[in-house]
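Asks: missing the sequence, but the structure's below:
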DNA sequence: CATTGACTTGAAGTTGGCTCCAAGGGATAT
DNA sequence: ATATCCCTTGGAGCCAACTTCAAGTCAATG
C-alpha cells in the first residue's frame, strides 16, 4: 500500500464517509491542523491526516464531542516525539467508563422492557426499572462480548 | 413505597435529574402524553409517568435521539394491554447493535492509540519515554471483554 | 475564449435538544 | 393586601455540529 500518497480534500472526505465541508469545518475549529496547500492553494492530505480523520470518526461513534477530542488529536501535532501523557490515559479511562455506562443503561432498558413484556404473564404491577438487576431477562443480548 | 402517589412537575423533574422545562418540552414534542391537570391546571404525574421519564433517561444515555424513542414510549399509551410488537423487538435489537458498534469503535480507538504508543517504544527516535512495560500498554481497558 | 468543474473563503442557515423569558394564575404566609 | 412561590402558556434564544450559500480562483477542455 502506498501510504505516502497525497490526497485531495475530496478524496480524503470520500474515504472517510464525510463531506469536504466537514473536513474544512474540522480544520476551522482546530480539530485538524491547517492542511498544507499546493501552489493553487488547494489542500493536500497525507496518511497522518487520514489517521486523524479516522480517529475522529471512531471517537464520534463512541459519543465523544468534537471538543473533547482535542486532547486525543494533540497526539499528532508533531510527526515525531509522540508522547501520550498520563492525562490522556485518564481521559481515555474516563471515556471508557462513559461507554460502560451506556452499556449498563441499555441493559437497564432491556430489563425494563422485558418486565413490561412479561407483565402480561406475571400480573406484575410493581414499578420496573429498579436500581438493582434482580434478573437477566434478556441475557445474551450482548452476546457475551 | 407508595407507588400511586401523585407528583407535581417539579417533584418528578427533580427525581429524574431534569428540569420542569424539559418535562414540558417532552410533553410538547409528544414523547410524554399530555399530563392530567388539576383544577388549577397544574400537571399531575403518576408512577407510569415516572417510569416513562426514567426510560427516556436510560435511552438517552445509550445515545438514542428523542425521536427514535417514540416507538418505545408507545408501550405506555394504555395502562393495560401492553403488547410490545415484534417491531419493537427489532428496534431494540437494532439499537443494541448500535451500542455494540460504539463499543467496537472505542476498542478501535484504543488499538489505534496503542499503535501510536508502541510506535514510540519500538522505533521512537527522539522519544525518550521510559522503557518499562513494553507489553500491553493499554491492556485491560475494558477489564477483559 | 468560454465553459466546466473542483477548489477557495467567510458567513449565514439548519437541526436537535433543550433553556430562558414575559406575562399571568392561584394558594399560602405575614 | 402584599409578598412569596410554584405553576401556566407561547415563543424566543442558545449551543453543537454541521450544511448551504455566495462569490471568487484556477486548470483543463472543446
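Replies: Sure, I can see it. As the structure is a prediction and not an experimental result, all values here were calculated from the model. Numbering: from 1, shown residues only, chains lettered A, B, ... in the order given.

Asks: name the helices or strands packed onto the helix or strand bottoming out on mean pLDDT in chain A?
Replies: When each helix and strand of chain A is scored by mean pLDDT, DSSP states H and E, helix A:86-122 comes last, with a mean of 75. Here helix A:86-122 touches helix A:66-73, helix B:47-61, helix B:86-123, going by 3 or more C-beta pairs under 8 Å, 6 or more residues apart in numbering or on different chains; DSSP states H and E. The C-beta positions use only the backbone N, C-alpha and C, and glycine is treated the same way.

Asks: relative to helix A:66-73, how tilted is that helix?
Replies: Relative orientation of helix A:86-122 and helix A:66-73, computed by axes from the mean of the first three to the mean of the last three C-alpha atoms, to 10 degrees: 130 degrees.

Asks: would you mind listing what in chain A touches DNA strand D?
Replies: Chain A comes close to DNA strand D at residues A:18-19, A:21-22, A:25, A:39-41, A:60, A:65-67, as judged by C-beta under 7 Å from any atom of the strand.

Asks: most neighbours of all those residues, which one?
Replies: In terms of neighbours by other C-beta atoms under 10 Å in any protein chain shown, the residues of chain A next to DNA strand D top out with residue A:18 at 17 neighbours.

Asks: return the most buried member of the helices and strands packed on helix A:86-122.
Replies: Stretch with highest mean neighbour count among the helices and strands packed on helix A:86-122: helix B:47-61 (a mean of 20; mean count of other C-beta atoms under 10 Å in any protein chain shown).

Asks: got the domain ranges for chain A?
Replies: A:1-83, A:84-145 (automatic domain parsing).

Asks: any idea how far residue A:115 lies from DNA strand D?
Replies: Using C-beta to the nearest atom of the strand, to the nearest Å, residue A:115 is found at 29 Å from DNA strand D.

Asks: kindly report the same for residue A:8.
Replies: Shown here: residue A:8 relative to DNA strand D, a distance of 12 Å by C-beta to the nearest atom of the strand.

Asks: do I have it right that residue A:42 meets residue A:8?
Replies: Yes: using C-beta atoms under 8 Å, residue A:42 is in contact with residue A:8, at 6.8 Å.

Asks: follow-up on the earlier one: which one of the helices and strands packed on helix A:86-122 lies closest to residue A:33?
Replies: Each of those has some distance to residue A:33 by C-beta to C-beta; the shortest is helix A:66-73, at 8.5 Å.

Asks: quick one: list the elements packing against that closest one.
Replies: Applying 3+ C-beta pairs under 8 Å, 6+ apart, we find helix A:66-73 packed against helix A:47-61, helix A:86-122.

Asks: give me the angle between it and helix A:47-61.
Replies: Using the same axes, to 10 degrees: helix A:66-73 against helix A:47-61 is 140 degrees.

Asks: pLDDT of helix A:66-73, averaged?
Replies: For helix A:66-73, the mean per-residue pLDDT is 88.

Asks: what's the answer for stretch A:35-49, then?
Replies: For stretch A:35-49, mean pLDDT is 91.

Asks: cool, stretch A:13-25 as well?
Replies: Mean pLDDT, computed over stretch A:13-25, is 93.

Asks: please list the residues of chain A that sit near DNA strand C.
Replies: Counting by C-beta under 7 Å from any atom of the strand, the residues of chain A that sit close to DNA strand C are A:8-11, A:20, A:24, A:28, A:35, A:37, A:41-43.

Asks: among those, which ones are buried?
Replies: Of the members of the residues of chain A next to DNA strand C, the ones counted as buried by neighbours, 16 or more other C-beta atoms under 10 Å in any protein chain shown, are A:9, A:35, A:43.

Asks: backbone phi and psi for the closest residue in space to the second one that isn't next to it in sequence, please?
Replies: Pointing back at residue A:35 there. In space, and not counting its chain neighbours, residue A:35 is closest to residue A:43: 3.9 Å by C-beta to C-beta, 6 or more residues apart in numbering or on different chains. Dihedral pair for residue A:43: phi -70, psi 140, per degrees, to the nearest 10.

Asks: pretty sure residue A:43 is touching residue A:26, no?
Replies: No: under the criterion of C-beta under 8 Å, residue A:43 makes no contact with residue A:26, lying 11.5 Å away.

Asks: so residue A:87 sits right up against residue A:71, yeah?
Replies: Yes: using C-beta under 8 Å, residue A:87 is in contact with residue A:71, at 7.1 Å.

Asks: quick one: end-to-end distance for stretch A:24-39.
Replies: Across stretch A:24-39, the terminal residues are separated by 18 Å (C-alpha to C-alpha, to the nearest Å).
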